[in-house]
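> Kindly return the folded structure for what I paste below:
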Amino acid sequence: MNAAPSTRYSLLVRVQDPQNHAAWLEFLAIYEPLVYGLARRKGLQDADARDLCQDVFRAVAKAVREWKPDPARGTFRGWLFRIARNLLINHLRHERRQTRATGDSDVLRLLDALPTNGDEHARTIEFEYRRRLFQIAARGIKADFSAATWQAFWQTAVESLPVVRVAEALEMSVGAVYIARSRVLARLRERVQQIAGET
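Next up is the predicted model:
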C-alpha cells in the first residue's frame with residue numbers, strides 16, 4: 001500500500017450513467033466522507049458540510065462524462081477535489097458577504113485558512129482517501145478471518161501494540177501473531193487494490 005491508489009476507471013465509466021445506482025453508491029461510499037471531512041475541517045457546520053457534498057456530487061454528476069484520464073491534467077481525485085475546493089470557497093465567500101452586517105470575522109478567517117499551497121491540500125486529500133480505502137477494505141475482509149487472527153492483526157498493525165503483549169493477551173505464540181498479521185495484511189492489500197482498480 002505504498003503507492004497511492006488511483007480511482008478505478010471502470011467505476012468512473014459506470015458513474016457516467018446517472019441511473020447506475022450501484023456505481024453511485026460505491027462512488028459515494030468512497031468520496032462523500034472525504035468531501036464532508038474537508039468541509040468540516042474548514043469550519044463548516046454539519047448541515048452546511050452536507051449541503052456542500054450535495055453540490056459537489058451534483059457538479060460531478062453533470063461533468064463526469066467530460067472527464068478523461070490524462071496524466072498531464074492530473075488524477076480524477078485531483079479533479080474532484082478542485083471542484084470541492086472551488087465550491088467550498090464559493091460557499092465561504094457567500095457566507096462572508098452575508099456576515100458583513102454582523103461584523104463577524106469567523107468566515108474571513110476560514111477563507112484565509114484555506115490552503116493556497118496545493119501540495120498541502122493534495123496531501124490531506126490523499127491521506128483521507130487512503131484512510132477511507134483502508135476502512136472499506138478492512139470492513140470487507142474482516143469476516144474472512146477468525147476473531148483471534150483479526151485481533152492479532154488489528155492490535156499489532158493498527159493499534160501498534162507490542163507483538164509479545166498481543167500474543168499473551170490472545171494466548172497465541174509470537175510466531176502465530178506474526179503469521180496472522182501477515183495473512184491479513186496480504187488480503188488487505190489485495191482488497192485495496194481491487195477497490196482502487198490496481199490489479
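
> and residue 31, what helix or strand is that in?
helix 21-41 (DSSP states H and E).

> now do residue 175
Taking DSSP H and E as the criterion, residue 175 maps to helix 174-196.

> What segments of this structure are helices?
9-15, 21-41, 46-63, 76-99, 106-113, 118-141, 147-153, 163-170, 174-196 (DSSP state H).

> Quick one: those as a markdown table, columns for mean neighbour count too.
Where you see a C-beta, it was placed from the backbone N, CA and C, and this is true even at glycine. A markdown table is the format used below for the helices of the chain (neighbours: other C-beta atoms under 10 Å):
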| stretch | mean neighbour count |
| --- | --- |
| helix 9-15 | 15 |
| helix 21-41 | 17 |
| helix 46-63 | 16 |
| helix 76-99 | 17 |
| helix 106-113 | 14 |
| helix 118-141 | 16 |
| helix 147-153 | 18 |
| helix 163-170 | 15 |
| helix 174-196 | 17 |
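
> Would you single out the least confident of those helices?
Among these, helix 106-113 carries the lowest mean pLDDT, a mean of 47.

> could you measure the spatially most central residue of the chain against residue 194, distance?
When C-alpha atoms, centre = their mean is applied to the chain, the residue found nearest the centroid is residue 129 (2.8 Å). As judged by C-beta to C-beta, to the nearest Å, residue 129 and residue 194 stand 16 Å apart.

> Could you do residue 78 as well?
Taking C-beta to C-beta as the measure, residue 78 falls 22 Å from residue 194.

> Repeat that for residue 21.
For residue 21, the distance to residue 194 equals 21 Å [C-beta to C-beta].

> Which residues does stretch 151-171 contact?
Contact partners of stretch 151-171, identified using C-beta atoms under 8 Å, 6 or more residues apart in numbering, comprise 145, 148, 172-174, 176-178, 180-181, 183-185.

> Please tell me how far it is from the chain's geometric centre.
Mean-position distance between stretch 151-171 and its chain equals 26 Å (C-alpha atoms, centre = their mean, to the nearest Å).

> Tell me the spatial nearest neighbour of residue 23, not counting adjacent residues.
residue 14 (3.5 Å; C-beta to C-beta, 6 or more residues apart in numbering).

> The protein - how does it break down into domains?
Domain segmentation of the chain under automatic domain parsing yields 1-140, 145-199.

> Export the contacts of stretch 151-171 as TSV, with columns for distance to residue 56.
What follows is these, written out as TSV (distance: C-beta to C-beta, whole Å):
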residue	distance to residue 56
145	36
148	42
172	46
173	49
174	47
176	46
177	42
178	43
180	40
181	37
183	38
184	34
185	33
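
> follow-up on the earlier one: what packs against the helix holding residue 175?
Here helix 174-196 touches helix 118-141, helix 147-153, helix 163-170, going by 3 or more C-beta pairs under 8 Å, 6 or more residues apart in numbering; DSSP states H and E.

> What about residue 143, how many residues nearby?
Here the number of neighbours of residue 143 (other C-beta atoms under 10 Å) works out to 7.
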